[in-house]
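In: Based on what follows, work out the 3D shape:
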Amino acid sequence: MGVQFDVIVIGSGFGGAITAARLAEGGARVLVLERGRRWTANQHPRGPTDAWLYRKNSPAKHNGWLDLRFFPRMIVAQGAGVGGGSLCYSAVLLEARPELFDAGWPPEITYKELRPYYAKVRDMLSVQPIPSRQLTARARLLRKAAAKLGHGDRFTSVPLGITFDEDWNHGLYDPLGHQHSKSFINQQGERQGTCVHLGNCDIGCDVRAKNTLDLNYIPLAERHGAEVRPLHIARRIEPDGSGYRVSFDRVDRERLISGSVRAEMVVLAAGSLGTTELLLRCRDEHRTLPNISRRLGKHWSPNANFLTPAFYPDGDQVKQGIGPTITSGLEFMDGSVNGQHFYVQDDGFPNMLLNAMRATLASPALRPLAWLLERQLARGLDEVNPTRDLMLWLGQGIDAADGELRLGPRFAKPWEQDIDLKWRVDESRELADTILEMHRRLSEATGGQLYVPLFWRLVRGMVSVHPLGGCGMGRSRTEGVVDHAGRVFGYKNLVVADGAILPGATGRNPSMTIGALSERIAALMLRDPGAGAER
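Out: Numbers count the residues shown, from 1 in each chain. A predicted model of the protein is given here:
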């Protein structure tokens, strides 16, 4: 009671963590409201009964690791927790191609303008490629396939937010053993370790080698006085005097307890879906922010994410589940294939069976059985893994960005409003077909057999791990929801800083660009805290 804040930040992903850190560093009193938990290494989901899923309509009981949203012909995967999407993304931190900003963006946003902010993110997240001696089997497979198809010059290792030890190599005794991870204290005073190729990047790194936002930007914010409140779900924003009041539900022992807090400024950073839904509710349901642009919800993009599995008779070519999730890519962003702009990466996933077995047998009552099965439970290059021969190609590209988020009646409770997505593949069909055909050629060139996902074959559906747009930038409210600085048109001191403000697809992994835009937004807020986009 009586605590006063200058800024409330809603969300703690690449938008929220960065703006909170920089604003607190600049002297602002910052509060961060995060809907998910604050995860620790010993809480990461592993076993079948662990907290895997976050359910938007029952967050008090289901506030797990991953938030999956199901729409007609589109599934969207998001992270939930302090650190946002950085918790479950594959740690790829690629800058956008400079020409991306030549059209469709406000004139203030250019690659030259973003370059110093890219550098800030790169430094904070200690971005580096995987050491050449540590290339995964999947990366070597992609390199081999590219060479066979005449695209060898397009193959590159991708920059990663992972800390590596140059001395680690696959020839070590028990190479995936935790004892090979070198412990250190990072710049923000957090203890981390170096990567030992456990393959659990997307479900929480066991040795904290992945440089998630809860290990850098969030501690920086807290060191400068910011307060982070996990399990707080923002429900409404309304003007209150010269500032705003944010109403929320707080999770307390599987119950939701209502509350509110006020500040002069609010930064929305709940992600493409979360931020857009909150503003839609404030405009159309609560009517607390009625003047938000009619462009709200439009130009949503899945970043043309296309995940395609391929089966290989010889599992040694893939060794799925070993090594960082993504380490290399093949770029076709120059439009040289069918005039389409896209990127292919060597995606992966954890050894779910072994993780589940080890988690289940970790209880004291089952330790004798775990001792008997010690060899079968061991992590190693020859570990038990029924999916070791399954390759997963990830495609992404410049799609039409013509999806629309809007409120509509819930299926089970039509008297309640829920977020809905109107998306059709028509304008992006040629891009999707081009990516799929490249996945097929890469597989066949190396002895693999591609399996076209049933979701695509039946309804032309896709799975997006890079949801973008909904609150796009523009030069005025007739063009976008926010200006080049993330300021909401029509409302002073109301800012959006996350993937929702991108006016279209990036074609590459977008986290680095979201981070650079957020660094710039925070810098402009500190430079001119009273500025607003009121056109």
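In: contact partners of stretch 84-91?
Out: Outside stretch 84-91, the residues within contact range by CB atoms under 8 Å, 6 or more residues apart in numbering are 11-17, 34, 39, 65-66, 77-81, 160-162, 201-204, 210-214, 269, 271, 324-326, 347, 465, 509, 511. Where C-beta positions appear, they are placed from N, C-alpha and C, glycine not excepted.
In: again, only this time at 7 Å
Out: Taking CB atoms under 7 Å, 6 or more residues apart in numbering as the criterion, the residues outside stretch 84-91 that touch it are 11-14, 16-17, 39, 65-66, 78-79, 81, 160-162, 201-202, 204, 210, 212-213, 271, 324-326, 511.
In: likewise stretch 231-250?
Out: The contact list for stretch 231-250, computed with CB under 7 Å, 6+ apart, reads 8, 10, 33-35, 37, 59, 63, 251, 256-266, 270, 278, 281-282, 286, 288-289, 493-494.
In: let's see it at 8 Å
Out: 8, 10, 33-37, 59, 63, 229, 251-252, 256-266, 268, 270, 278, 281-282, 286, 288-289, 491, 493-494.
In: Could you tell me which of those residues belong to helices?
Out: Judged by DSSP state H, the subset of the contacts of stretch 231-250 located in helices is residue 278.
In: I'd like the distance between the residue nearest to the spatial centre of the chain and residue 335.
Out: For the chain, residue 85 is the residue whose C-alpha lies nearest the centre (CA atoms, centre = their mean; 3.4 Å). Taking CB to CB, to the nearest Å as the measure, residue 85 and residue 335 are separated by 28 Å.
In: Show me what residue 210 bridges to in the sheet.
Out: residue 162 (DSSP bridges).
In: My guess is it contacts residue 161. True?
Out: Yes: Residue 210 is within contact range of residue 161, at 6.7 Å (criterion: CB atoms under 8 Å).
In: Would you quantify the distance from residue 119 to residue 93?
Out: In this structure, residue 119 lies at 12 Å from residue 93, with CB to CB as the measure.
In: now swap in residue 344 and tell me
Out: Using CB to CB, we find residue 344 at a distance of 18 Å from residue 93.
In: same deal with residue 332?
Out: Between residue 332 and residue 93 the distance is 20 Å, computed by CB to CB.
In: For the two, indicate the residue with more neighbours.
Out: Here residue 332 and residue 93 are compared on neighbour count by other CB atoms under 10 Å; more neighbours surround residue 93, at 27 against 22.
In: contacting residues around the more buried one?
Out: Residue 93 makes contacts with 121-122, 125, 127, 159-161, 509, 511-512, 515, as judged by CB under 8 Å, 6+ apart.
In: Also residue 439?
Out: The neighbourhood of residue 439, defined by CB under 8 Å, 6+ apart, consists of 306, 308, 310, 344, 393, 395, 450.
In: What ranges does the stretch 401-535 of the chain have for its strands?
Out: If you assign secondary structure with DSSP state E, counting those that start in this stretch, the strands in the stretch 401-535 of the chain sit at 404-409, 417-422, 449-450, 462-464, 491-492, 494-496, 532-533.
In: In the sheet, which strands lie alongside the third one, parallel or antiparallel?
Out: In its sheet, strand 449-450 lies beside strand 306-311 (antiparallel), with partners assigned from DSSP bridges.
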